[in-house]
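Test case, fold it:
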Amino acid sequence: MGTDFFIYMKSELSLLLIIFALLIIKVWDGIQDNKVLLMLANILLLINFLFGLVLNFDGQLFNGMFYTNEIISTEKSILNLGMLVVSLTGYGWLKVHKHLLEFYVLILSTLLGMFYMISSGNLLMFYLGLELSSIPLAALVNFDMERRTSSEGAMKMILSSAFSSAIMLFGISMLYGTTGTLSMAELPALLSGGYLQILSLVFVFTGFAFKLSSVPFHLWTADVYEGAPVTVTAFMSVISKAAMVFVFMSVLAPLFVNMQGIWYGILFLSIVLSITVGNLFAMRQSSMKRFLAFSSIAQVGYILLGLSSGNEMGATSTLYFLVVYLFSNLAVLGVVSIVSSETGKENISDYKAFYKNNKALSWVIAIALFSLAGIPPTAGFFGKMFLVTAGASKGNYILVTLAALNMVVSLYYYLRVVKAIFIEENETPMEQVKINGSAAIGLIICMIGVVMTGFASALYDYFNSLFL
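Okay, here's the model as predicted:
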């Protein structure tokens with residue numbers, strides 16, 4: 001197992017090396033300049049992303065507790081790319097923070113936990129990965145310790161994480177009690193649909209729903225997003241959610257494959273509530289971060305719509321949409337992060353006449369919002385079209401109709417921000433915001449992704465080939 005260990009766990013070992021390198025730099029205390037540390041961190045994250053694209057093989061370790069394949073390697077590469085973009089766009093906030101290295105150690109530990117969840121072949125290892133991905137994230141929410149809203153957000157985050165983890169663990173314990181195993185390879189054949197197993201399905205799904213911010217388990221989301229630093233909000237809204245969707249695809253769907261009729265009903269209710277409640281509450285928000293929090297709740301509903309089909313088309317469209325969502329949401333939050341670090345302004349009203357002095361940033365946020373709304377020719381249009389098509393393949397046209405109607409409703413609140421930026425008047429418009437090189441690179445990556453992903457059919461074809 002010697003050589004296999006280093007090949008199959010290369011993504012996890014790469015992150016561990018970066019974490020230990022940053023810890024050594026912290027203990028050594030030889031580099032004091034945050035700009036130098038940021039450049040070093042971004043270079044390491046770029047190497048980590050590129051390394052994740054090569055030497056990917058199928059295999060398993062520890063008697064099936066850890067496994068990897070081309071799909072899992074692709075999912076980890078998507079998360080690595082998102083982590084790199086988050087780091088680049090958060091440059092303005094990070095360069096002045098006195099706990100810069102601690103931030104990277106915590107956020108990379110969270111990402112490491114997500115990797116273990118995605119590769120877990122045993123529910124015990126999955127739960128350990130879940131805890132590793134949750135606890136450092138709560139500390140990151142409270143990273144601006146002088147802000148009261150940050151402390152409140154961290155408290156809600158840790159309590160909701162504790163409750164959701166406990167509920168999921170209870171469901172896992174009932175699975176073990178009724179089957180006698182925690183192996184994901186053995187469990188599907190042993191699940192017959194008894195009452196305790198149905199209850200365990202509900203509990204496990206509830207734990208996932210908390211992490212995904214799916215209604216009705218979403219109540220923590222807006223307050224946590226508002227209280228957290230924008231860079232952490234970007235990580236939670238994209239990387240954390242994408243990781244849970246990947247786990248959902250590789251754990252819940254295969255694990256309860258013999259109980260599809262039951263969990264499709266649960267999904268149906270969650271999809272309708274998430275899309276509707278997310279859209280309705282997004283209309284009422286004045287804070288950009290709270291607005292994007294409810295927007296992300298609605299987007300989760302569309303993602304679950306694709307997963308509800310339970311076929312290759314649904315898996316492909318979900319993976320494709322997550323890439324589109326990564327570029328779109330990180331572009332919006334990247335602009336919000338730049339503006340927040342330079343001016344401290346985070347409300348939608350602050351962006352009135354934003355175009356007057358910040359034309360480039362205005363177009364970035366407008367194109368990204370068009371993509372989130374699903375307006376052609378952005379990649380978001382193709383992403384949502386594929387999700388709705390996958391949902392329709394199940395034959396539930398009521399669900400597809402409700403999703404399509406909600407897409408029309410979502411146009412209102414996305415275009416409301418665009419209207420404030422380009423059309424509404426402001427006697428004292430926001431001054432010109434300086435864009436540093438790292439943040440500019442991050443936004444350029446996002447814009448290329450938003451524009452080109454929709455036209456690059458090769459990407460969708462590649463994802464489709466993974467599930468055939």
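
CA only for contacts and neighbour counts going forward, please
OK.

what helix or strand is residue 60 on?
Element membership of residue 60, judged by DSSP states H and E, is strand 59-61.

Adjacent strands (with direction) for that strand?
Here strand 59-61 is paired, per DSSP bridges, with strand 66-68 (antiparallel).

just checking, what packs against the helix or strand following the strand it pairs with?
On the C-terminal side of strand 66-68, the closest following helix or strand by DSSP H and E is helix 70-89. In terms of contacts (3 or more CA pairs under 8 Å, 6 or more residues apart in numbering; DSSP states H and E), helix 70-89 is packed against helix 34-52, helix 100-119, helix 230-234, helix 241-247, helix 312-343, helix 437-452, helix 457-467.

Centre of the chain to helix 70-89, how far?
Between the centre of helix 70-89 and the centre of its chain there are 10 Å (CA atoms, centre = their mean, to the nearest Å).

For it, C-alpha coordinates in CSV please.
Extracted C-alpha coordinates of helix 70-89, given in CSV (Å, rounded to 0.1, in the frame of the first residue of the first chain):
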residue,chain,number,x,y,z
GLU,A,70,-12.0,10.3,-11.8
ILE,A,71,-15.3,11.8,-10.7
ILE,A,72,-14.0,12.4,-7.2
SER,A,73,-10.7,13.9,-8.5
THR,A,74,-12.7,16.2,-10.7
GLU,A,75,-14.8,17.4,-7.8
LYS,A,76,-11.7,18.0,-5.7
SER,A,77,-10.2,20.0,-8.5
ILE,A,78,-13.3,22.2,-8.7
LEU,A,79,-13.0,22.9,-5.0
ASN,A,80,-9.3,23.7,-5.3
LEU,A,81,-10.0,26.2,-8.1
GLY,A,82,-12.7,27.8,-5.9
MET,A,83,-10.3,28.0,-3.0
LEU,A,84,-7.7,29.7,-5.2
VAL,A,85,-10.3,32.3,-6.5
VAL,A,86,-11.5,33.0,-2.9
SER,A,87,-7.9,33.7,-1.8
LEU,A,88,-7.3,35.9,-4.8
THR,A,89,-10.4,38.0,-4.5
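
buried stuff in it?
When burial is assessed from 16 or more other CA atoms under 10 Å, helix 70-89 yields the following buried residues: 71-89.

quick one, which of the helices and strands packed on helix 70-89 is nearest to residue 147?
Shortest separation from residue 147 across the helices and strands packed on helix 70-89 is recorded for helix 230-234, at 13.1 Å, computed as CA to CA.

roughly how far out does that closest one sit from the chain middle?
The answer for helix 230-234 is 11 Å, by CA atoms, centre = their mean.

likewise stretch 3-10?
On the basis of CA atoms, centre = their mean, stretch 3-10 is displaced by 26 Å from the centre of the chain it belongs to.

what's it in contact with?
In this structure, residues lying in contact with stretch 3-10 by CA atoms under 8 Å, 6 or more residues apart in numbering are 13, 52, 55, 56, 57, 58, 59, 60, 61, 67, 68.

measure the closest residue in space to residue 227 that isn't next to it in sequence to residue 228 for me?
With CA to CA, 6 or more residues apart in numbering as the criterion, residue 227 has its nearest non-adjacent residue at 4.0 Å, and that residue is residue 150. Remark: distance between residue 150 and residue 228 (CA to CA, to the nearest Å) = 5 Å.

Please apply the same query to residue 394.
39 Å.

Looking at these two, which is more packed in?
Between residue 394 and residue 228, counted using other CA atoms under 10 Å, residue 228 has the larger neighbour count: 28 against 16.

which residues does residue 176 contact?
By CA under 8 Å, 6+ apart, residue 176 lies in contact with residue 182.

helix or strand for it, which one?
Taking DSSP H and E as the criterion, residue 176 maps to helix 148-179.

same for whichever helix or strand comes after that helix, what does it pack against?
Toward the C-terminus, helix 148-179 is succeeded by helix 187-190 as the next helix or strand (DSSP H and E). Contact analysis of helix 187-190 by 3+ CA pairs under 8 Å, 6+ apart lists helix 253-255 as its packing neighbours.

thought residue 221 was touching residue 293?
Yes. Look at residue 221 against residue 293 with CA atoms under 8 Å: they come within range, at 6.4 Å.

The residue nearest to residue 301 when sequence neighbours are not counted is in what secondary structure piece?
Leaving aside its chain neighbours, residue 301 sits nearest to residue 271 (4.5 Å; criterion: CA to CA, 6+ apart). For residue 271, the host element (DSSP H and E) is helix 260-282.

pLDDT averaged over that helix, what's the number?
Summarised as a single mean, pLDDT over helix 260-282 is 84.

Packing partners of that helix?
When contacts are defined as 3+ CA pairs under 8 Å, 6+ apart, helix 260-282 packs onto helix 288-307, helix 397-422.

can you put the ones you listed in CSV and add mean neighbour count, mean pLDDT and distance to residue 122?
Conversion of the helices and strands packed on helix 260-282 to CSV gives the following (neighbours: other CA atoms under 10 Å; pLDDT from 0 to 100; distance: least, CA to CA, whole Å):
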stretch, mean neighbour count, mean pLDDT, distance to residue 122
helix 288-307, 27, 87, 22
helix 397-422, 18, 84, 33
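
To residue 466, which of these lies closest?
helix 288-307 (15.7 Å).

what is the orientation angle of that closest one with helix 397-422?
150 degrees (axes from the mean of the first three to the mean of the last three CA atoms, to 10 degrees).

what's the angle between helix 288-307 and helix 260-282?
Here helix 288-307 runs at 160 degrees with respect to helix 260-282, directions being taken by the same axes, to 10 degrees.

so how far is helix 288-307 from its chain's centroid?
10 Å.

same check, this time on stretch 75-90
Mean C-alpha position of stretch 75-90 versus that of the full chain (CA atoms, centre = their mean) differs by 10 Å.

show me what contacts residue 393?
For residue 393, the contacting residues are residue 309, taking CA under 8 Å, 6+ apart as the criterion.

again, only this time at 10 Å
For residue 393, the contact set (CA atoms under 10 Å, 6 or more residues apart in numbering) comprises 306, 308, 309, 310, 311, 313, 314, 387, 400.

Residue 145: how many residues sit nearby?
Taking other CA under 10 Å as the neighbour definition, residue 145 ends up with a count of 14.

quick one: it and residue 97, what's the gap?
Taking CA to CA as the criterion, residue 145 is separated from residue 97 by 11 Å.

ok, now residue 109?
19 Å.

got it, and residue 327?
Between residue 327 and residue 97 the distance, using CA to CA, works out to 25 Å.

re the thing from before, which two of the contacts of residue 393 have the greatest separation?
311 and 400 (16.2 Å).

list residues touching both of residue 221 and residue 293?
When contacts are counted by CA under 10 Å, 6+ apart, residue 221 and residue 293 are jointly contacted by 213, 233, 236, 237.

For PyMOL, what selects the buried ones among these?
One line in PyMOL is enough to select the buried ones among the shared contacts of residue 221 and residue 293; burial here means 16+ other CA under 10 Å:
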select buried, resi 213+233+236+237
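
and which of the shared contacts of residue 221 and residue 293 is nearest to residue 187?
When these are compared for distance to residue 187 (CA to CA), residue 213 comes out closest, at 26.7 Å.
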